[in-house]
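Asks: Have a look at this fold, sequence not included:
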């Protein structure tokens, strides 16, 4: 599985799948302008969660489509002509001298026709190194993709460490004054927050605006001096942060960060994440207004928070903050009474999840770089590779012949993988030594020697 994951086909499949998935999600969200912010966030977040799961699904068996099979096959033939040519000794005179002897043997002629060898007229150093250059290009792409993912994961690990330090240095519960606790209880008793899980409350000099952190054990941290805020301001701030807790926004924030780490090379994941943050904050604003707060008072509180942190925006990847931009747009939307502020219904959630899951399944299990023939051959190759055949010691002749008949007989040279080509040579040599009168084995072995530039050994067999 690991070898399959670190392949250019897997990286390309993940890139194509994530691009298609997020393109559909962004298109759906763009056509929901009249719907509530909570509904748009649900679509965007489902897309990000599906993107996070996509690399895992790609590793599972899928449906071979073969969209790029023709291009891959033609490229393989070109590479065979350049990198597996006869070398400097190969020219038209040699090919002409061998032609009568090959034509004299009808079975050899059939074997050569099956292998479809067509040597180029000239060779150069560039032609013989094309395969190695392409290998280097593929390895470079895979290395860059993995390096970016590792750096993004290290960034998330650093954010997690900073979050732990922030909690360790904060005053949780004990430092919260009676005023903060009373405001917290008053907000939690409202209808929209009645079912909220127990939330710890504290203050910290390391935060410049109210933040919520903790995916499973939520904590609300307020800046030092929050106890001196007015009762109305404190109530609205806590209502916004409790909205994050009810909506499990910290958990979804981590999910989105992992999605971006896995497919960081896809620009759509950055766009989707930015839009999801905007819709998330607007959905929390709508929840505050649904709890009974006046839009003008809440907009004033939001602006005052933003003014207080101007020039000192301390943000962590593992937290959600009340003062997320764009504030001007949020204030304008708050004062627009025609905006839909409803929460998502269960029917809407199930429908959205089902639609995105269907898109994920279609794209995740599609294999544009695989053909049905290649998939069907894989178990045979794996079975023969795992078989204990000692080609060097000359043992188990029946197993060696079975390997040749099951895997290599009737297949063209260009259809073989690099590992199969490396295995075919010793296998043919072994079978020829054991069965020198077998014309088919002799012909295939001679063709192999010609393809690998061993003309001196091939001529006696012709």
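Replies: Cool, the structure landed. None of the values given here were measured: they were computed from a predicted structure.

Asks: For this structure, give the helix that spans the most residues.
Replies: Determined from DSSP state H, the single longest helix within the chain is helix 130-169.

Asks: Excluding chain neighbours, what is closest to residue 331?
Replies: In space, and not counting its chain neighbours, residue 331 is closest to residue 299: 4.8 Å by CB to CB, 6 or more residues apart in numbering. Glycine gets a C-beta too; all of them are placed from N, C-alpha and C.

Asks: which helices and strands sit right next to the helix or strand in which the one you found is found?
Replies: Taking DSSP states H and E as the definition, residue 299 sits inside helix 295-308. If contacts are counted by 3 or more CB pairs under 8 Å, 6 or more residues apart in numbering; DSSP states H and E, helix 295-308 sits against helix 231-246, helix 267-290, helix 327-334.

Asks: which residues are in contact with the shortest one?
Replies: Okay, so that is helix 327-334. 37, 278, 281-282, 285, 289, 295, 298-299, 302-303, 306, 339 (CB atoms under 8 Å, 6 or more residues apart in numbering).

Asks: Among the helices and strands packed on helix 295-308, which comes closest to residue 27?
Replies: Evaluated with CB to CB, the helices and strands packed on helix 295-308 place helix 267-290 nearest to residue 27, the distance being 10.8 Å.

Asks: Following element in sequence after the helix or strand harbouring residue 350, please.
Replies: Per DSSP H and E: residue 350 is located in helix 346-364. Per DSSP H and E, helix 346-364 leads on to strand 366-367 as the next helix or strand towards the C-terminus.

Asks: State the mean pLDDT of the helix holding residue 299.
Replies: Across helix 295-308, the average pLDDT comes to 86.

Asks: what do you get for stretch 399-412?
Replies: The model assigns stretch 399-412 a mean pLDDT of 75.

Asks: and if you look at stretch 11-20?
Replies: Average pLDDT, stretch 11-20: 92.

Asks: Just the buried residues out of the contacts of helix 327-334, in PyMOL syntax.
Replies: Those of the contacts of helix 327-334 that count as buried under 16 or more other CB atoms under 10 Å are selected in PyMOL with:
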select buried, resi 37+278+281+282+285+289+295+298+299+302+306+339
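
Asks: Taking the contacts of helix 327-334, tell me the two that lie furthest apart.
Replies: The most widely separated members of the contacts of helix 327-334 are 306 and 339, with 20.1 Å between them, by CB to CB.

Asks: remind me which residues of the protein are low pLDDT?
Replies: Filtered on pLDDT under 70, the chain yields the residue ranges 1-6, 66-135, 171-178, 191-197, 310-318, 370-397, 413-414, 462.

Asks: Now do the strands in this protein.
Replies: Applying DSSP state E to the chain gives strands spanning 63-64, 171-172, 200-204, 211-213, 219-223, 319-321, 366-367.
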